[in-house]
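Student: This is a predicted model, with the sequence first.
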Amino acid sequence: MLAESARATSAAELRFRVQAPNSSPRATSVIALDAGGDAVLRRLAQHPWSRATFLRAPVPDPQADGEVADGWLTDLADRQLRVRDQIAASDQVIMLAGPGGTAAAAAMIGRACSQRRVTTTALIVGAQSASDRELSKTLAQLRPWSLMVVIANTDEYIGDMMAALRV
């Protein structure tokens, strides 16, 4: 009698296996939430990624107590795009924010992702020289709206993280 693992790898069982790799790469929206995230976003956009869109969130209006304009993002060519359209076209969203910055748009993006059940990851970029207070400020803004938050010390780590997320 064959062991279960030997039987599972037999020629008779081969016909039940999927014969082709997953051929559809993930559609990813990478969104900078503040100036720190924007600088990293521009550097990342220069590299070849599979089905990645690089966007910037609106900057909070100082007259409106830190609120952001609801519903719009900007691509690197300064075209305005609706958040709901970008989220609908995405399998995952990666948000980039610098320590101590204002990441108020995370709530707008996070709500849209929750409604569509799109996976969210937040990367705090440039954290190597940040104080605990700055990191805490940014974490408090990102944590409620992200399934995973990563504190990244270097751009190299960010690229590795994006590769791990199959961007």
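Tutor: That came in fine, so what should we check first?
Student: what residues are up against the spatially most central residue of the chain?
Tutor: For the chain, I94 is the residue whose C-alpha lies nearest the centre (Cα atoms, centre = their mean; 0.7 Å). By Cβ atoms under 8 Å, 6 or more residues apart in numbering, the residues touching I94 are T28, S29, V30, I31, T120, T121, A122, L123, M162, L165, V167. For every residue, glycine as well, the C-beta is placed using N, CA and C.
Student: could you point out which element follows the host helix or strand of it?
Tutor: For I94, the element it lies in under DSSP states H and E is strand 92-97. Sequence-wise, the next helix or strand downstream of strand 92-97 (DSSP H and E) is helix 105-116.
Student: tell me what that next one is packed against?
Tutor: Helices and strands touching helix 105-116, as assessed by 3 or more Cβ pairs under 8 Å, 6 or more residues apart in numbering; DSSP states H and E, comprise helix 83-88, strand 92-97, strand 119-124, helix 132-142.
Student: let's go with 6 Å and repeat that
Tutor: Here helix 105-116 touches helix 83-88, going by 3 or more Cβ pairs under 6 Å, 6 or more residues apart in numbering; DSSP states H and E.
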